[in-house]
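Visitor: below: sequence and its predicted model.
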Amino acid sequence: MLKFSCLLRHCSLNRAWYSSVTKPQPETWDLLAAVCLERLPVLTADLNPTEEKLSEILTKIDLEQSMLNDHEVRLKLDNERNEKKKRGELGEGDSDAVITGLDMEDKWRTEASDFTAASRLTEADLKNDIRSCKRKLDRPLRLLTKLKLGNDVYWDLPFVVRQDGETMRQTAERAVYSKCGNNLKFGILGNSPLSFYKYKYPKQFQSKTEKVGAKVFIFKAYLTSEFFDDATVEGGENVLDYQWATLEEMKTSLEPDTFRAVTRMLHSED
């Protein structure tokens with residue numbers, strides 16, 4: 001009986017030793033909040049050929065099926081009055097109009113000749129000032145920051161590492177303020193991120209930080225300042241430069257994983 005109890009104790013000790021050796025340690029990751037800050041289009045985009053053709057069809061249908069407007073009714077009455085005048089059938093209440101519909105059209109034509117439409121191109125467009133959000137007014141622009149971490153210099157969305165006690169929404173707001181300053185007026189959509197990606201740190205950095213890598217949660221935000229307000233970005237820690245980029249410019253500037261994660265949360269611009 002004694003030998004059997006010793007054998008059981010020996011087996012349990014071996015099992016405990018093997019389980020402690022083979023049990024994998026839980027992986028720890030840095031949690032990052034990044035913000036895709038978008039300036040919405042100010043002008044409507046030019047119509048593509050398909051949209052132009054459809055617009056012509058709808059305009060024609062609307063013209064054929066719509067009722068006469070006030071000016072068209074006025075022209076019709078003027079024509080009827082002129083026909084009666086030629087036939088000598090004007091009555092007492094059918095005197096000539098002081099101002100006819102054709103007179104109004106001449107006036108409007110003169111006013112229109114003095115009007116010059118503003119250019120769709122701004123000074124920022126002409127100078128190709130990628131720091132200005134007052135360019136590409138018919139396209140959405142997103143804010144990118146040029147960061148220096150160690151010896152690496154690259155473009156990315158504004159981001160920071162989550163601190164203890166913060167919600168991810170609070171971390172996202174801190175990312176914009178810490179990387180871009182306090183002059184930007186913006187609003188983050190909801191409390192949940194709209195996209196996500198992750199990457200692993202190099203082995204040397206893993207051993208130094210005891211973190212496997214970073215999990216990046218991307219929030220969507222809109223620039224809420226007025227068009228003529230100064231939306232100046234004040235570069236924060238490790239920020240060398242910034243730009244307001246189109247989708248095509250983002251593709252050439254961002255890392256592929258980051259760009260794929262961003263495009264998953266955006267509407268098609270076609």
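Guide: That came in fine, so what should we check first? Numbering: from 1, shown residues only.
Visitor: every contact and neighbour count from this point should use C-alpha atoms.
Guide: Fine.
Visitor: part of a helix, is Glu105?
Guide: Yes - counting by DSSP: H, G, I helix; E, B strand; the rest coil, Glu105 is part of a helix.
Visitor: how many residues are close by it?
Guide: 12 (other Cα atoms under 10 Å).
Visitor: go on, Glu83?
Guide: Considering only other Cα under 10 Å, Glu83 is surrounded by 13 other residues.
Visitor: OK, contacts around Leu144?
Guide: Leu144 makes contacts with Trp155, Asp156, Leu157, Pro158, Tyr242, Gln243, Trp244, Ala245, Met250, as judged by Cα atoms under 8 Å, 6 or more residues apart in numbering.
Visitor: so what's Asn183 up against?
Guide: Asp230, Ala231, Thr232, Val233, Glu234.
Visitor: restricted to buried residues, select those residues in ChimeraX.
Guide: Here is the ChimeraX command that selects only those of the contacts of Asn183 that count as buried (16 or more other Cα atoms under 10 Å):
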select :231,233,234
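Visitor: all helices of this protein, in order?
Guide: 2-22, 49-65, 70-87, 101-113, 123-127, 168-180, 203-209, 247-253, 256-263 (DSSP state H).
Visitor: state the pLDDT value of the residue positioned nearest the centre of the chain.
Guide: Compute the mean C-alpha point of the chain, and by Cα atoms, centre = their mean the closest residue is Glu38, 3.4 Å away. Looking at Glu38, its pLDDT stands at 95.
Visitor: do I have it right that it meets Leu157?
Guide: No - counting by Cα atoms under 8 Å, Glu38 stays clear of Leu157, with 11.1 Å between them.
Visitor: shaky segments in the protein?
Guide: 1-26, 90-97, 270 (pLDDT under 70).
Visitor: let's go with 50 and repeat that
Guide: 1-11, 13, 16-23 (pLDDT under 50).
Visitor: domain assignment for it?
Guide: 26-43+127-263, 49-113 (automatic domain parsing).
Visitor: can you give me how far the first one is from the chain middle?
Guide: Taking Cα atoms, centre = their mean, to the nearest Å, one finds the center of domain 26-43+127-263 at 12 Å from the center of the full chain.
Visitor: which ones are touching the closest residue to Ile218 other than its chain neighbours?
Guide: Among residues not flanking Ile218 along the chain, Ala34 sits closest, at 4.7 Å (Cα to Cα, 6 or more residues apart in numbering). With contacts defined as Cα under 8 Å, 6+ apart, Ala34 is in contact with Leu157, Pro158, Phe159, Val160, Ala172, Ala175, Val216, Phe217, Ile218, Phe219.
Visitor: do you know how far Ala34 is from Glu234?
Guide: 17 Å (Cα to Cα, to the nearest Å).
Visitor: again, but for Ala172
Guide: For Ala172, the distance to Glu234 - Cα to Cα - is 17 Å.
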